[in-house]
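# How does the following fold in three dimensions:
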Amino acid sequence: MINNKLNFYFFGEIGDYDRYNPAYVCNKEYVPEILYIIASNEPYSISKYEIANILRLNEEKVDNIINDLGLINAIECRDNTYRTTFPVFLEGDITKMEQYLSNIGEVIGDKIISLQNVINPKLSDLECSKHYNKERILYHIICDDVFDDMSFDFFAERGIFCTSKIQPGNRAYIIIGYEDSKTVETHSNKLLCSSNNYRSSEFIFNSFGDSNGSRRDMYRFFRMIEEYIDNATPFHDLNISYNRTLNDMNKEIAQNCGELIINILTKHTKYNQFSEREKNLLNLLKQLKYININEFDNSITIDVPIFYSSEKTIIKDISDIILSNIFPIVREAFQKFQVKMPGLTALKHEVDIKEIANELWHQIFGLTNEYLVKKEVVSLPPDIYGEGRYLRSFKINSTL
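Purely as a prediction, here's the structure:
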């Protein structure tokens, strides 16, 4: 018997991979199915006994999962019945959202296109403009930096939606759940609205694209390793402890990789001049496709745009231009939201409207990004089998 289930996305700081980490909890067996059952029923209408019967599990198993979900505040209990406390979107919700958002990507996209004469001249002040065309640079700035970063504070300050919420275990994040189905997958996973960022103390290894696969980037690679280790042995507490140690090691690896990129940029050091340990890190960067190593002359090239800390003001200027101009469009869309879509699962489960609006914004800017790609305003990311569509970049947060 195949049971319906949810897929999960997390926005904000989810913290160490431990029992308070929503990715850790939601990756456990039967969690996606149990949360689907709760979400697809009316709030506080189904008990753990009924859940156990549907999934043919013993009550103790369900009880343990319910406790885990309570620990991360994913559900709320009343008289042994439950509701989901985060936005969940089922197939029926997607149909309503598609109708409501049918042309908003074009409306916002056309507004941005009308601003090109103001935006494009600012790109020449970026170092990467010497090596990449404006479409590639705008892909990272508009689609990612503006829409999937700076816009959240901008709209949150104006009361449109929230960027995260305080969670147990000293975390601040929002969980989003989507029904695992082809209809939902076509709608959500294939939109350009997902930013992966692995941060060290001074650097960010970034990729931006859709969610239609497992990307070959630093963030996704380290996350997949953590998930594998979580189930590697029957000693779960030991697995968690090791993952915490591994997380510290990964941060150090990312920092050292960033320092090697700086070395290549400033000193043009060749591959054969590095130590064996440094070569191992360079090979990791090559496998992750942030650099390329010429095996004939040992030269190393950086294969992604680099954005410097000193350039943040330029990107902020572009962001302010775009967001201030599209704000009336976005505000109107959210003002009509509850009236136009009253039967959404998340609204029935009494989820904070500003949390729902956070995900709705992802859908809006994802549709806008698709339109900007179609109009060739920004680059078309390659579609890699099993990985999806995405492009990488590298950010330096320190002053060189």
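
# Which stretches in the stretch 1-150 of the chain count as strands?
Assigned by DSSP state E, counting those that start in this stretch, the stretch 1-150 of the chain shows strands spanning 6-13, 75-78, 81-84, 88-89.

# any chance of the ones you listed in a markdown table, with mean neighbour count and mean pLDDT too?
Yep, even glycine has a C-beta here, placed from its N, CA and C like the rest. Formatted as a markdown table, those follow (neighbours: other Cβ atoms under 10 Å; pLDDT from 0 to 100):
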| stretch | mean neighbour count | mean pLDDT |
| --- | --- | --- |
| strand 6-13 | 19 | 90 |
| strand 75-78 | 15 | 96 |
| strand 81-84 | 23 | 97 |
| strand 88-89 | 26 | 95 |
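
# Pull the number of nearby residues for Thr163.
17 (other Cβ atoms under 10 Å).

# ditto for the one 3 residues further on
By other Cβ under 10 Å, the residues close to Ile166 number 10.

# can I assume it sits in a helix?
No. Ile166 is assigned strand when assessed by DSSP: H, G, I helix; E, B strand; the rest coil, not a helix.

# Now it: closest residue in space that isn't a chain neighbour?
Nearest non-adjacent residue to Ile166, counting by Cβ to Cβ, 6 or more residues apart in numbering: Ala172, 5.6 Å away.

# So that neighbour is in contact with Lys165, correct?
Yes. Taking contacts as Cβ atoms under 8 Å, Ala172 lies within contact range of Lys165: 6.7 Å.

# more crowded one of the two?
In this view Ala172 and Lys165 are compared by other Cβ under 10 Å, and Lys165 has more residues nearby, 18 against 14.

# Quick check: chain neighbours aside, which residue is closest to that one?
Lys165's closest residue in space is Ile174 (Cβ to Cβ, 6+ apart), at 6.2 Å.

# what's that neighbour sitting at in phi/psi?
phi -130, psi 140 (degrees, to the nearest 10).

# What's opposite it in the beta bridge?
Phe11 (DSSP bridges).

# Count the residues that sit near it.
Neighbours of Ile174 (other Cβ under 10 Å): 24.

# got it, and the one 4 residues further on?
If you count neighbours by other Cβ under 10 Å, Tyr178 ends up with 23.

# Can you tell me the element it falls in?
Tyr178 belongs to strand 171-179 when elements are defined using DSSP states H and E.

# would TSV of the strands of the stretch 1-150 of the chain with distance to Cys193 be doable?
Converted to TSV, these look like this (distance: least, Cβ to Cβ, whole Å):
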stretch	distance to Cys193
strand 6-13	10
strand 75-78	26
strand 81-84	22
strand 88-89	14
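
# Ok, which of those comes nearest Phe327?
Nearest to Phe327, of all the strands of the stretch 1-150 of the chain, is strand 6-13, at 20.9 Å by Cβ to Cβ.

# That closest one versus strand 171-179: what angle between them?
Calculated by axes from the mean of the first three to the mean of the last three Cα atoms, to 10 degrees, strand 6-13 forms an angle of 160 degrees with strand 171-179.

# helices or strands up against strand 6-13?
With contacts defined as 3 or more Cβ pairs under 8 Å, 6 or more residues apart in numbering; DSSP states H and E, strand 6-13 has these neighbours: helix 22-26, helix 31-40, strand 171-179.

# For the chain, give me the ranges with low pLDDT.
1-2, 399-400 (pLDDT under 70).

# pull the longest helix from it.
helix 236-267 (DSSP state H).

# burial measure for Ser114, as a count.
Neighbours around Ser114, by other Cβ under 10 Å: 10.

# Distance of it relative to Asn4?
Distance of Ser114 to Asn4, computed by Cβ to Cβ, to the nearest Å: 44 Å.

# how far away is Phe155 from Arg331?
9 Å.

# just to revisit the earlier point, what about the helices and strands packed on strand 6-13, which gets the closest to Leu282?
Using Cβ to Cβ, the helices and strands packed on strand 6-13 put helix 22-26 closest to Leu282, at 29.5 Å.

# Quick check: buried residues in that closest one?
Pro22, Ala23, Tyr24, Val25, Cys26 (16 or more other Cβ atoms under 10 Å).

# what's the nearest residue to the third one if we skip its chain neighbours?
It refers to Tyr24. Nearest to Tyr24 is Tyr17, by Cβ to Cβ, 6+ apart, at 5.3 Å.

# residues in contact with the one you found?
Ala23, Tyr24, Glu226, Asp230, Ile240, Asn243, Arg244, Asn247 (Cβ atoms under 8 Å, 6 or more residues apart in numbering).

# thinking again about what came up before, so for Phe155 and Arg331, which sits in the more crowded spot?
Phe155 (22 against 14).

# who's in contact with the more buried one?
Counted by Cβ under 8 Å, 6+ apart, Phe155 has contacts Phe161, Leu323, Phe327, Val330, Trp361.

# Could you do Ser393 as well?
Taking Cβ under 8 Å, 6+ apart, one finds His140, Asp144, Asn206, Ser207, Phe208, Val304, Pro305, Ile306, Phe307 in contact with Ser393.

# Look up phi and psi at the residue nearest to the third one when sequence neighbours are not counted.
When the adjacent residues along the chain are set aside, Asn206 lies closest to Ser393, with 4.7 Å between them (Cβ to Cβ, 6+ apart). For Ser393, the backbone dihedrals (degrees, to the nearest 10) come out as phi -150, psi 170.

# could we number from 867 for the rest of this?
Sure, I'll start counting at 867 from here, so that last one is Ser1259.

# separation between Ser1259 and Ile1172?
Distance from Ser1259 to Ile1172, by Cβ to Cβ: 7 Å.

# Same question for Pro909.
Pro909 sits at a distance of 48 Å from Ile1172 (criterion: Cβ to Cβ).

# and what of Asn1097?
Applying Cβ to Cβ to Asn1097 and Ile1172 gives a distance of 37 Å.

# Please name the nearest non-neighbouring residue to Ile1106.
Asp884 (5.1 Å).

# Go ahead and confirm that neighbour touches Asn1105.
No. In terms of Cβ under 8 Å, Asp884 does not count as a neighbour of Asn1105; the distance is 10.0 Å.
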